[in-house]
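Participant: Quick one, what's the 3D model for this:
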Amino acid sequence: MMWLLGCVAVITSDYVHYWFNLALVVADYILLTIFTMCITACYMDHKYRVEQAKLNVDTKVVVKGGKPNCYRIPLAGGTTPKSSEYR
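Facilitator: So this is what the prediction gives:
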């Protein structure tokens, strides 16, 4: 919509409406700049959150031979293993 107003402002410009048309073009430029900045900020925020999620997943991976963070509950019955059995 603002692009259409900008085009109309440039095409119909004459000396009487010069300042009004110039104001429309400047307003279009400002709104387009703000819109572009918002889109860029949203993209960068999304990119940052994805990277943080990847880091959180990577830090929760159990290293082979390491102690797990919680005890395992056996599905087939039996007893819960003692902490000494994980070493």
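
Participant: Quick check: buried residues in stretch 34-43?
Facilitator: Neighbour-count burial for stretch 34-43, counted by 16 or more other CB atoms under 10 Å, picks out no residue. The C-beta positions use only the backbone N, C-alpha and C, and glycine is treated the same way.

Participant: Just the C-alphas of that stretch, formatted as PDB.
Facilitator: What follows is stretch 34-43 as a C-alpha-only set of coordinates in PDB (Å, rounded to 0.1, in the frame of the first residue of the first chain):
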ATOM      1  CA  ILE A  34      11.500  -0.100  10.000                       C
ATOM      2  CA  PHE A  35       9.700  -3.100   8.400                       C
ATOM      3  CA  THR A  36      13.100  -4.500   7.200                       C
ATOM      4  CA  MET A  37      14.700  -3.900  10.600                       C
ATOM      5  CA  CYS A  38      11.800  -5.800  12.300                       C
ATOM      6  CA  ILE A  39      12.100  -8.800   9.900                       C
ATOM      7  CA  THR A  40      15.900  -8.900  10.400                       C
ATOM      8  CA  ALA A  41      15.500  -8.700  14.200                       C
ATOM      9  CA  CYS A  42      12.900 -11.600  14.100                       C
ATOM     10  CA  TYR A  43      15.200 -13.700  11.900                       C
END
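
Participant: same question for that stretch, mean pLDDT?
Facilitator: The average pLDDT within stretch 34-43 is 91.

Participant: ok, and what's touching that stretch?
Facilitator: Residues external to stretch 34-43 that are found in contact with it (CB atoms under 8 Å, 6 or more residues apart in numbering): none.

Participant: pull the longest helix from this structure.
Facilitator: helix 18-59 (DSSP state H).

Participant: What separation is there between Asn21 and Asp28?
Facilitator: With distances taken as CB to CB, to the nearest Å, Asn21 is found 11 Å from Asp28.

Participant: meant to ask about Glu51, not that
Facilitator: Distance from Glu51 to Asp28, counting by CB to CB: 35 Å.
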